[in-house]
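1. predicted model and sequence follow; I will ask about them next.
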Number of protein chains: 2
Amino acid sequence: MGERVLVNGARLLDNLSAMSTFGINPHGGIDRAFAQESDRQVRAWILEMWARMGLETGTDAIANLWGKKHGSENLAPIVFGSHHDAVPDGGKYDGAMGVIIATEIMQTILERQIPTRHPLAVVSFTAEEPNAFNLSTLGSKVLCGRLAKEDLLSKTDRSGKVRLEDAVKELGGNLHHLDEARLHSGDIAAFLEAHNELGRQLEIRDLSVGAAASITGIYREKITVTGESNHAGTTMMQDRKDAFLSLSEIAAALERGALQRNSPEVTATMGYVNLHPNEANIIPGSAEGIIDIRTSNDEDLQFVLGFVEEAAEKARSRRGVQVLRECLLDQKAQPLDPFVREAILHGMAAEGEPEVTLTSMAGHDAANMQRIAPSGMIFVRSVGGYGHCRREYCRPEDIVKAANAMLFAVLELDQSMDAAKPQPAETAAAVNWEAAS
Amino acid sequence: MGERVLVNGARLLDNLSAMSTFGINPHGGIDRAFAQESDRQVRAWILEMWARMGLETGTDAIANLWGKKHGSENLAPIVFGSHHDAVPDGGKYDGAMGVIIATEIMQTILERQIPTRHPLAVVSFTAEEPNAFNLSTLGSKVLCGRLAKEDLLSKTDRSGKVRLEDAVKELGGNLHHLDEARLHSGDIAAFLEAHNELGRQLEIRDLSVGAAASITGIYREKITVTGESNHAGTTMMQDRKDAFLSLSEIAAALERGALQRNSPEVTATMGYVNLHPNEANIIPGSAEGIIDIRTSNDEDLQFVLGFVEEAAEKARSRRGVQVLRECLLDQKAQPLDPFVREAILHGMAAEGEPEVTLTSMAGHDAANMQRIAPSGMIFVRSVGGYGHCRREYCRPEDIVKAANAMLFAVLELDQSMDAAKPQPAETAAAVNWEAAS
């Protein structure tokens, strides 16, 4: 490959700063949830940036953003990118950094006029984070066929007032054309994603970057407790059916179960709670909570769920409430592709970094992409381990290292990958994003 | 007094049904919180009804509604009424029934052309229930001087977006003229309020009505836990500062403390909870809860608060969170007036009911009015003891009994009360509601 090509680090960091202005709040956090005004604005900004670079841009049926250049051979494209949405009051790195690193890699290849055998594409996925529609990694789930048109056409947000169909349409997608966005094995030669680690594994070992070997399983359940709304003064303590106290007991049991496993790879959280009617002088009549349990091991999951059921049963019998448990997500652990991982490790080595792999405790679009294409991830050290909050921080030198390692991996894969030549029909599907834009 | 005068029960029940249409939701509950559109609508309906009866109507500076007729002597008025707002998804009786009973009593006196020595006034108070401004019994608190202009001009709702000043203005009040709404001892000869009991004391004893001897003390505190928002997967269990789990522990301790007192006259509730950012995959960084403790006895209150502080201290030391405790309300128990109570008991006796008195475990506008005028309350049996919820129910025959007993009491007080003739200046204040309307 001759002399090693490096990204323009200053431009990368400038672009990341610019992207952080979309949805920034007075506390310095990012409010850029799916379908918010800031989501619409950042999408326009990304597409314009890619178009200026000379890429063929488009928006597919689920409103993922694409920017593509041709390759010298008739091969499936190598795709790299991440997502542009954020959790409420989130950080500047989660998703955005991966999109900007992908953009910088593409721009470097274009301006250096580096020939590639494969077409290359940058992607920015729709609704990776949990959102008002209770759908995370929405864009990549649709691409890999985990969600079909029928699942989505009836969806509304938590308020019941906004239809997913309308939200996607406003962003340039079209749920009725979802089948056109669907990709199959062979449509993409490889997928690569850079992301902040969000945890402390790299920091504890004083490492700048690491490659992901696999992505944790994620189990999510909605718990709805129905008790009885009643007056907080006139209802005697022993006459109550307090839905909040019941839910609290379940949350406490959830934590006890996870703590007993005593492993960095088992976590359990109740992050969402909603009471009704939620007034100081009314006993809560209903309480809804969402629990999130992460582990790669089914035995761990069942162990923690045992604590949840025990607490639910106690609430039913002692407090006379109903407890409804409803699984929202049961996503098994997803190993990533060893061949892509090797290329990323070579890139890290070229940067002088040790060839370290991790398990990701966060879900990522790459876990979905692995179902249809060999996929890999590179993690950037999260200072303090912060993730999904405005305190997220990655050091500039670590970010540039990750970009250079990933550029190395893309160029190596372009040379080494022996991708089967896709069928014309499937190629059409893979690039037919204009249909829905 | 010659033959006993009775209300028109059918009209009373019709008016109550009509009032229930304002803010009714698909579940049959009432959504008519302070400053909602349904609040504005019901206010117009009440004023129109009173004007049609021939009353002089007006709205005072805090937007309480008044309807008045003259008396034959230059005395302070006898006032009766309740409030028209409701808790979210509340019942059809709380507040509304008291307003309609007062209206029916006035209408009976008017159509029978019963002469009264005192002027009579019906009142419907502003914002009796807890609301987005964290102010309950707002209208009566202002009348009796518990809240001054300066306390209220800076108030905004929970979102921080709506100013109380603007909300009151939209309802026809004017915070800048609050001093004109203020009443003093002697401005009102007596105040009477009918209300559903909201508890089970009457039902347990199979009684239709009862007179209140006193109103419980109410203590309310906002608890704000500040932990650390972080990623639900990548943050190890032992690294967390989960604000929700801390708040849950405080709620559990609150219940334990109240249960240990083992008395129908000690209750404790956490009815309002708000997490931030409240997303399934983020550890709650902050959690806010409001606790409500009711008792007439300071020793009970301190006992329960001891449990709260112990749990708060544990959360601080074990979870590393901050716990801020802020008193919102510390309202001592309020005995009501014995002379007015006697008149109500006479009215109950005239209805063939036993002369029973209760302690009210709910706060009421009458507790504020007692500070400036001899005040009394009559309770109507709550079927099943339901209060502050859509299952509230009072039997028609019990409602009509209460109205007749209260009419009897009003007419007896009109004859028996030896009210000091008010000073002209104070009289002006008491009737000067037009200034702000």
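-> Structure received. Numbers count the residues shown, from 1 in each chain, chains lettered A, B, ... in the order given.

2. can we go C-alpha only for contacts and neighbour counts from here?
-> OK.

3. centre of the chain to stretch A:148-161, how far?
-> Using Cα atoms, centre = their mean, to the nearest Å, the mean C-alpha position of stretch A:148-161 is found 20 Å from that of the whole chain.

4. could you do stretch A:58-65 as well?
-> For stretch A:58-65, the gap between its own C-alpha mean and the chain's C-alpha mean amounts to 16 Å (Cα atoms, centre = their mean).

5. A:Leu207: how many residues sit nearby?
-> Counted with other Cα atoms under 10 Å in any protein chain shown, residues neighbouring A:Leu207 total 15.

6. who's in contact with A:His217?
-> That one is not His; residue A:217 is Gly. A:Arg294, A:Thr295, A:Ser296, A:Asn297, A:Asp330, A:Gln331, A:Lys332, A:Ala333, A:Gln334, A:Gly363 (Cα atoms under 8 Å, 6 or more residues apart in numbering or on different chains).

7. now do the buried residues in stretch A:203-210.
-> Along stretch A:203-210, the positions that meet the burial threshold by neighbour count (16 or more other Cα atoms under 10 Å in any protein chain shown) are A:Glu203, A:Ser208, A:Val209, A:Gly210.

8. over to stretch A:296-314?
-> Of the residues in stretch A:296-314, A:Ser296, A:Asp300, A:Leu301, A:Val304, A:Leu305, A:Phe307, A:Val308, A:Glu309, A:Ala311, A:Ala312, A:Glu313, A:Lys314 count as buried by neighbour count, 16+ other Cα under 10 Å.

9. now check it, is it near chain B?
-> No. Counting by Cα under 8 Å from any Cα of the partner chain, no contacts exist between stretch A:296-314 and chain B, the nearest distance being 11.5 Å.

10. residue numbers of the stretch 251-400 of chain A in contact with chain B?
-> When proximity is defined by Cα under 8 Å from any Cα, the stretch 251-400 of chain A lies next to chain B at A:251-252, A:258-259, A:263-275, A:277-284, A:290-294, A:360-362, A:385-389.

11. if we can go back for a sec, closest one of the buried residues of stretch A:203-210 to chain B?
-> Among the buried residues of stretch A:203-210, A:Glu203 lies closest to chain B (Cα to the nearest Cα), at 12.4 Å.

12. now, which of the residues of the stretch 251-400 of chain A next to chain B lie within helices?
-> Helix and strand membership here follows DSSP state H; of these, those in helices are A:Ala251, A:Ala252, A:Ala258, A:Leu259.

13. I'd guessed A:Pro396 sits against A:Leu12; true?
-> No. Checked against Cα atoms under 8 Å, the pair A:Pro396 and A:Leu12 is beyond contact range at 9.5 Å.

14. list the residues that contact the closest residue to chain B within the stretch 1-150 of chain A.
-> Going by Cα to the nearest Cα, chain B is nearest to A:Pro88 of the stretch 1-150 of chain A, at 6.3 Å. Each residue near A:Pro88 by Cα under 8 Å, 6+ apart is listed here: A:Ile30, A:Asp31, A:Arg32, A:Ala33, B:Pro277.

15. can you tell me the SS state at the fourth one?
-> Here A:Ala33 is coil, with the state taken from DSSP: H, G, I helix; E, B strand; the rest coil.
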